[in-house]
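# Show me how the following folds:
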Amino acid sequence: MNKQTIRELRTAAGLTQKQLAERVGVTANTVARWERGMVTVGTVATLQALADALGVQLNEIELPKRKPTRPRSDES
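The predicted structure is shown next:
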């Protein structure tokens, strides 16, 4: 089975970030951050709501892996 990213699944479902956010119960900014890999999807309940909103099973979603952040300049 090929997993798809949240963005791929969202666009295939014809949803905007705002529409997906409303269905999952998060902000559009959160959806954007998931899609960019800036944050991981939090709880099992949120994951299930995401799968339900996208019309897929949990195992069909390629979950974002948090990208490492750059060290701040004062952390040398």
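# Point out the other helices and strands that the longest helix anywhere in the chain packs with.
Ranked by residue count under DSSP state H, the longest helix found in the chain is helix 44-54. Helix 44-54 is packed against helix 6-12, helix 17-24, strand 61-62, with contacts defined by 3 or more C-beta pairs under 8 Å, 6 or more residues apart in numbering; DSSP states H and E. Where C-beta positions appear, they are placed from N, C-alpha and C, glycine not excepted.
# what's around residue 65, how many residues?
Residue 65 is flanked by 8 other residues according to other C-beta atoms under 10 Å.
# before we move on, the earlier item: between the helices and strands packed on helix 44-54, which one is nearest to residue 52?
Among the helices and strands packed on helix 44-54, the nearest to residue 52 by C-beta to C-beta is helix 17-24 (7.8 Å).
# Show me what the closest one is in contact with.
10, 13, 15, 27-28, 30-32, 35, 46, 49-50, 52-54 (C-beta atoms under 8 Å, 6 or more residues apart in numbering).
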